[in-house]
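Asker: here is my input; please provide its structure:
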Amino acid sequence: MNQNAATPHPNINSEFAFDWAPREALGEPVFAVEGNRFRVVYDPDDRIDAAIRLIEQAQISVRAFYYMVRDDESGARLLQAMRDAVARGVTVSLGIDGFGSNDTAVAWFEEQTKDSIDFFIFSSRRSMRALIRNHQKMLIIDGDQSGDVELISGFNITDYYFGMKGAESWADMGMVVAGPA
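Answerer: So this is what the prediction gives:
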């Protein structure tokens with residue numbers, strides 16, 4: 001591990017936040033730049049696991065923004081991890097895009113988040129701005145003025161984005177970032 005790596009947010013166990021994939025597959029996966037630590041997440045099997053493990057590590061807050069979350073195994077895993085975080089006393093919010101997630105009934109989201117998760121749907125009104133979307137794919141853990149851990153990615157939360165290999169796999173990747181950035 002890089003000896004110059006910055007100390008991440010005091011509530012995050014940095015080894016846990018960065019250590020979930022086989023090192024022989026990725027080489028040295030953690031690197032430091034300007035006081036921040038980074039890890040690229042690109043293997044289809046590691047993508048959803050990265051999000052789940054970061055939520056499991058949260059102690060203060062989880063804020064998630066996704067274009068697409070579906071009522072499938074991946075969506076259920078994400079929401080269960082969020083409910084488990086709430087049970088630990090973590091404040092959790094989930095924002096989805098009304099267009100990107102329109103294949104999943106709003107009732108499913110309401111049932112999954114009731115009495116525990118601050119849930120909202122981004123939906124632009126019909127107008128010249130109808131194409132304005134929440135296309136973010138971002139998970140922010142324990143954020144405050146001293147830093148946080150983020151998973152910024154190109155993948156949505158649906159089985160379609162995880163576990164596929166080769167030519168059938170989405171080539172979306174994520175970047176775990178810890179530190180003041």
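
Asker: for Asp71, give me its contacts.
Answerer: Neighbour list for Asp71: 104-105, 108 [criterion: Cβ atoms under 8 Å, 6 or more residues apart in numbering]. Every residue, glycine included, has its C-beta placed from N, CA and C.

Asker: cutoff 6 Å now
Answerer: 104, 108 (Cβ atoms under 6 Å, 6 or more residues apart in numbering).

Asker: gap between it and Gly179?
Answerer: The gap separating Asp71 from Gly179 is 35 Å, by Cβ to Cβ, to the nearest Å.

Asker: then Asp43?
Answerer: Distance from Asp43 to Gly179, counting by Cβ to Cβ: 23 Å.

Asker: Arg37 too?
Answerer: Distance, Arg37 to Gly179, using Cβ to Cβ: 6 Å.

Asker: these two - which one has more neighbours?
Answerer: Arg37 (25 against 22; other Cβ atoms under 10 Å).

Asker: name the helix or strand for the more buried one, please.
Answerer: strand 36-41 (DSSP states H and E).

Asker: report the angle between the helix or strand following that strand and strand 36-41.
Answerer: Next along the chain after strand 36-41, taking DSSP H and E as the criterion, comes helix 44-57. With axes from the mean of the first three to the mean of the last three Cα atoms, to 10 degrees applied, the angle from helix 44-57 to strand 36-41 works out at 140 degrees.

Asker: need the CA coordinates for the helix or strand just after helix 44-57. PDB is fine.
Answerer: Per DSSP H and E, the first helix or strand lying C-terminal to helix 44-57 is strand 61-66. C-alpha atoms of strand 61-66 as PDB (Å, rounded to 0.1, in the frame of the first residue of the first chain):
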ATOM      1  CA  SER A  61     -24.800   9.300   6.600                       C
ATOM      2  CA  VAL A  62     -25.400   7.600   3.200                       C
ATOM      3  CA  ARG A  63     -26.500   9.800   0.300                       C
ATOM      4  CA  ALA A  64     -27.200   8.000  -3.000                       C
ATOM      5  CA  PHE A  65     -28.200   9.400  -6.300                       C
ATOM      6  CA  TYR A  66     -28.800   7.100  -9.300                       C
END
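
Asker: ok, strand 61-66: who's next to it in the sheet?
Answerer: strand 91-97 (parallel), strand 137-144 (antiparallel) (DSSP bridges).
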